[in-house]
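1. Provide a 3D model corresponding to the input given below.
(2 chains, ligands or ions: 3)
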Amino acid sequence: MSAIGKLGKQPKKTMVIEPFDDIPKVSENFADDSWVKLEDALNAIITASRTNISREELYRLVNSICVQNLNEWLYERLVQKLQGWIREEIVRLNGIQGSDLDFLNQLDNKWSDFTSQVSTIRQIFLYLERAYMVNQKVNKTITDLAYNIFKANLIENQPVYARMINGALRMIYEERMQEMDHRILLKRIIMILQTLVIYRLDFEQKYIEETDKFYQDEGLDKINQLSVSDYLAYVEKRLKDESDRLNHYLDISTSKPTIQKLEIRLIKEKAEIVIEKGLLQLFEAYKVPDLQRLYVLFKRVECHSLIESGFEKVLLGKGNSIVQNNENRESVINELLELQSKVDVIQSQAFENNLKIKYANKRAWEQFMNSKPDIAQLLAKDLDEHLNKNSKIKMRDEEFSAHFTSIIDLFRHVTAKDIFEAFYCKKLAKRLLLDSSKSNEAEKSVIALLKAECGSTFTARIHNMYKDMELSHTLMESFNQTYGSQIERTGLSFHVWTLTGSVWPQVSQVKAILPPDLKSIQDLYTNFYTTNIKKKILTWQTSMSHCNLKAKFNSGIKNIQVSLHQALILLLFNDKNVCTMEDIMRATGLPEEEIKREIIPIVFKHKILLKNPAGKDINKTHQFSLNENFSSKLMRIKVNSLQIKETVQETHETIEKVLNERQYIIDAAIVRIMKSRKRLTHTQLISESLAQLPFTLQPVDIKKRIENLIERDYLSRDENDRSIYNYVS
Amino acid sequence: MKVKIEKWLGVARWAWDVPDPQCVICLLPFESPCPTCKNPGDDCAPIESECSHHFHLHCISHWTSEGNEKCPCCRAVFRIKVISSEQQFRSARA
Ligand SMILES: [Zn+2]
Ligand SMILES: [Zn+2]
Ligand SMILES: [Zn+2]
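-> Ligands and ions are numbered 1, 2, ... in the order given. Sure thing, here's the model as predicted:
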């Protein structure tokens, strides 16, 4: 509602104007005499004293003057009277001593007297207003007339005027500084400004400027003094304070520009410092409500992009410090999981799942997750630890499946998917062949997750491993049809896992010498396989093979589950009471390191063999003998060989193999591109190849393969331009 | 006899007994299937021609289906030397 509108909306006094039956007789001095009476009455209203003349009579007097066509004459006198009175009132305001608060209180009182006085005067002069002013004058009502005279005198009297406006601003300042409550007074003062239509003219702009200045100063102080967390709370409070103020006593038009000033001074101008100084701090302290506050405030001023880049930087720092930490590789995955779950909560609860922030997050993860080559391997290892029934990890089923999902979320950022796959398959191979998988259901759920993440090509190898397991049973049935009874006579139960060489991970190629009875059984199967299946050769993997033994001790017979290599070692003690390390090496054909790995748990953990001399170290001359006094509460003893643990060399070989396989993939991609394009420049071929290949590569890797393909006559260099390749068909 | 093996779980791997390391058509090693297949093994076996060259079964079928009658390696007339080992295996079991 505008101030002008307010002028017209004075409380309506309904006065019935009754027509006279006959025009009263008028004496010559009637008008002058009447004015004397009216002036008396006006003086009484002004001084708040009593008169003897009734309102009705006064009204009739005005009426009588007007009907004699003396409207203008009466109007002039009234204006003159009001002018004199109001001028004096303003002068009196000028004389008010004391504080701004005193002044404003008195001004408020004065104004409220003034409005009721004007209203009384209007009642008396209502006929003049209706009959004359409405049609002929700028000020169409007595109220307008009086207020405009007030306004003109006020503006003319600069000290009073300035004191009024500055006083109001001063009170607001006090409210801001000391939280003193002047709301009721200020609401009334602002109302005067609005009524006199000087709010826009001389107050609003000043108010906005003062606000701007105030928050420029205070914002600067606060950002320096407060922690970012407190600063954000401060900004939020100030925005609320100011909008309460605006709602309570300021004009609605002031709201937007004022809040904008606050937003600029407190948020926009401080945004970079807040991000620089506080984002990491809030993130590390995991202050989700503060981060949410930050997001909401930044969103108001469209400063999201600062959060994007800031958040990316923070995550990159955190991620790199986890990934690059060489001291404790064991905990890397758990730390990454923790980081991931924190980030998830912050993104959904603080950042409203903002897409651009999500992209920034993704960029950071993609960078640090690929900054160390062993992350893929560690992820595969973690899955194995959770899928292996020998693991000590205790979780409920739903915790396992949540864990698997989180691991796949981490895996998503890794580009070396082939390295992950190699290690995953290696671990899976062990789980399948050693029958150490916790549950088939859990295995299938992880495979399903991997398939959903990377597609069925990615999991094809895993499926082929499972297929081999089944096919092995079929082969075994067929083998037993012919040789089953022959095997049975040896008193040994025999099963062979026949694996597709290219599907299953490579393992160490150590070859053990088998005792004659085992060797003949193995040859029987080899013979069966190669005579039935042409064009395939079979290689035995003794290092992946397993046995159940029956061993006789003084305390009785025990079942012992061991690796084939361990079994070969233990079998030696049937013929000899004491074997040296050298004897074992000679008899089994195994290298020293392999024997150590296999014998350590037998000697130190289970004490099935005794070592002479005692002590942790083992050398070639040390002697071993069967511990006849071995005893155990268990009937069935499981000897975990160290074989289950990945050796450094094995790890190296696994990675080497992946890199080798990449060569074929690169070759195939280059040839495919050249076959369809026939002729390409070096740069074009490199960039097209890089775009097609699924793993991160350097151009030099491709260049090497191009040179190799030229040597093998798949491509040739152009005779005229050596930087152009032609496809050789 | 103090120690006796009761049960033995042996592990053996098979590989193609092929002198060429890779298929000349698709450049992939025979341990891998041809580019159109997912699974290595009998479904995508190497095939030997009468001229003693080796190809993935699918690679050479595609080659001949395009109207080629000669070996992509030596240009001799192409003829398959042996039937696939999968079929042999099946017939041996039957
Ligand atoms: Zn091929
Ligand atoms: Zn194929
Ligand atoms: Zn040929």
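
2. C-alpha only now, for contacts and for neighbours.
-> Fine.

3. Where does pLDDT dip in chain A?
-> Within chain A, the stretches with pLDDT under 70 are A:1-28, A:179, A:641-647.

4. What parts of chain B come near ligand 3?
-> B:C51, B:H53, B:C71, B:C73, B:C74 (C-alpha under 5 Å from the ion).

5. State whether the fourth one and B:V24 are indeed in contact, as I suppose.
-> Same thing as B:C73. Yes - using C-alpha atoms under 8 Å, B:C73 is in contact with B:V24, at 7.2 Å.

6. from the residues of chain B next to ligand 3, which is closest to A:D617?
-> Distance to A:D617 across these (C-alpha to C-alpha) is lowest for B:H53, with 54.4 Å.

7. circling back: counting neighbours, go ahead and name the busier of B:C73 and B:V24.
-> Neighbours were counted for B:C73 and for B:V24 using other C-alpha atoms under 10 Å in any protein chain shown; B:V24 has more, 17 against 14.

8. Could you list the alpha-carbon positions for the lengthiest strand in chain B in CSV?
-> Longest strand of chain B, by residue count under DSSP state E: strand B:3-16. Provided in CSV are the C-alpha atoms of strand B:3-16 (Å, rounded to 0.1, in the frame of the first residue of the first chain):
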residue,chain,number,x,y,z
VAL,B,3,50.6,-91.1,6.3
LYS,B,4,48.2,-92.0,3.6
ILE,B,5,46.4,-90.0,0.9
GLU,B,6,42.6,-90.5,1.1
LYS,B,7,41.5,-88.0,-1.4
TRP,B,8,43.3,-86.1,-4.1
LEU,B,9,41.9,-83.1,-5.9
GLY,B,10,44.1,-82.7,-9.0
VAL,B,11,44.2,-79.6,-11.2
ALA,B,12,45.1,-79.7,-14.9
ARG,B,13,44.8,-77.0,-17.5
TRP,B,14,44.3,-77.6,-21.2
ALA,B,15,45.5,-75.4,-24.0
TRP,B,16,45.2,-75.7,-27.8
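
9. buried ones in that strand?
-> B:3-16 (16 or more other C-alpha atoms under 10 Å in any protein chain shown).

10. Within reach of chain A, which of the residues you listed are there?
-> Filtering the buried residues of strand B:3-16 for neighbours of chain A using C-alpha under 8 Å from any C-alpha of the partner chain leaves B:3-16.

11. for A:L379, what are its contacts?
-> By C-alpha atoms under 8 Å, 6 or more residues apart in numbering or on different chains, the contact set of A:L379 is A:I333, A:I407, A:F411, A:F420.

12. Quick check, the third one in contact with A:A376.
-> Yes - taking C-alpha under 8 Å as the contact criterion, A:F411 and A:A376 are neighbours in contact, 7.2 Å apart.

13. what about those two, which has more around it?
-> A:A376 (25 against 21).

14. and the residue of the stretch 151-300 of chain A found nearest ligand 1, what does it touch?
-> Among the residues of the stretch 151-300 of chain A, A:F283 lies nearest to ligand 1; the distance is 53.4 Å by C-alpha to the ion. Residues in contact with A:F283 (C-alpha under 8 Å, 6+ apart) are A:L291.

15. pull the CA atoms of the host helix or strand of it into PDB?
-> Using DSSP states H and E, A:F283 sits in helix A:280-284. What follows is helix A:280-284, C-alpha atoms only, in PDB (Å, rounded to 0.1, in the frame of the first residue of the first chain):
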ATOM      1  CA  LEU A 280      38.200 -28.700   4.200                       C
ATOM      2  CA  GLN A 281      37.700 -28.000   7.900                       C
ATOM      3  CA  LEU A 282      33.900 -28.600   7.700                       C
ATOM      4  CA  PHE A 283      34.500 -31.700   5.700                       C
ATOM      5  CA  GLU A 284      37.100 -33.100   8.000                       C
END
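
16. Only the buried residues of it, if you could.
-> A:L280, A:Q281, A:L282, A:F283.

17. With stretch A:485-495 instead?
-> In stretch A:485-495, counting by 16+ other C-alpha under 10 Å, buried: A:L492, A:S493, A:F494, A:H495.

18. Show residues contacting stretch A:454-473.
-> A:421, A:425, A:429, A:447, A:450-451, A:496-500, A:503-504, B:38-39.

19. Filter these to keep only those in contact with ligand 1.
-> Counting by C-alpha under 5 Å from the ion, no member of those reaches ligand 1.

20. In helices, which of those residues fall?
-> A:E421, A:C425, A:A429, A:I447, A:L450, A:K451 (DSSP state H).

21. In contact with A:L101, which residues?
-> Counting by C-alpha under 8 Å, 6+ apart, A:L101 has contacts A:G167, A:M171.

22. Quickly find the element holding it.
-> helix A:100-124.

23. what separates that helix from the chain centre, distance-wise?
-> Distance of helix A:100-124 from the chain centroid (C-alpha atoms, centre = their mean, to the nearest Å) equals 59 Å.

24. And it, what's buried?
-> Those would be A:100-101, A:103-105, A:107-108, A:111, A:114, A:117-124, for helix A:100-124 by 16+ other C-alpha under 10 Å.

25. And stretch A:432-449, by the same measure?
-> Those would be A:L433, A:S436, A:S437, A:K438, A:A442, A:E443, A:V446, A:I447, A:L449, for stretch A:432-449 by 16+ other C-alpha under 10 Å.

26. from chain A, which residue is nearest to ligand 3?
-> Residue of chain A nearest ligand 3, by C-alpha to the ion: A:S729 (16.0 Å).

27. Give me the phi and psi for the closest residue to that residue other than its chain neighbours.
-> Closest residue to A:S729 apart from its sequence neighbours, by C-alpha to C-alpha, 6 or more residues apart in numbering or on different chains: A:Y714 at 7.4 Å. A:Y714 adopts backbone torsions of phi -90, psi -30, taken as degrees, to the nearest 10.

28. Can you verify my assumption that A:Y714 contacts A:E707?
-> No - A:Y714 lies out of contact with A:E707 (C-alpha under 8 Å); the separation is 9.9 Å.

29. Overlap in contacts, these two.
-> What both A:Y714 and A:E707 touch, as defined by C-alpha under 8 Å, 6+ apart, is an empty set.

30. of these two, who's got more company?
-> In this view A:Y714 and A:E707 are compared by other C-alpha under 10 Å, and A:Y714 has more residues nearby, 19 against 15.

31. ok, now how distant is that one from chain B?
-> Distance of A:Y714 to chain B, computed by C-alpha to the nearest C-alpha, to the nearest Å: 10 Å.

32. OK, contacts around that residue?
-> A:V671, A:Y727, A:V728, A:S729 are the contacts of A:Y714 under C-alpha under 8 Å, 6+ apart.

33. Just want the most central residue of the chain.
-> All of this is about chain A. With distances taken as C-alpha atoms, centre = their mean, the residue of chain A nearest its centroid is A:Q347 (2.4 Å).

34. check which helix or strand covers the closest residue to that one other than its chain neighbours.
-> The shortest distance from A:Q347 to any non-neighbouring residue, by C-alpha to C-alpha, 6+ apart, is to A:N353 (5.2 Å). Under DSSP H and E, no helix or strand contains A:N353.

35. What segments of chain B are helices?
-> Using DSSP H, helices in chain B cover B:57-65, B:85-93.

36. can you tell me which of the ones you listed the model trusts least?
-> Sorting these by mean pLDDT places helix B:85-93 lowest, at a mean of 48.
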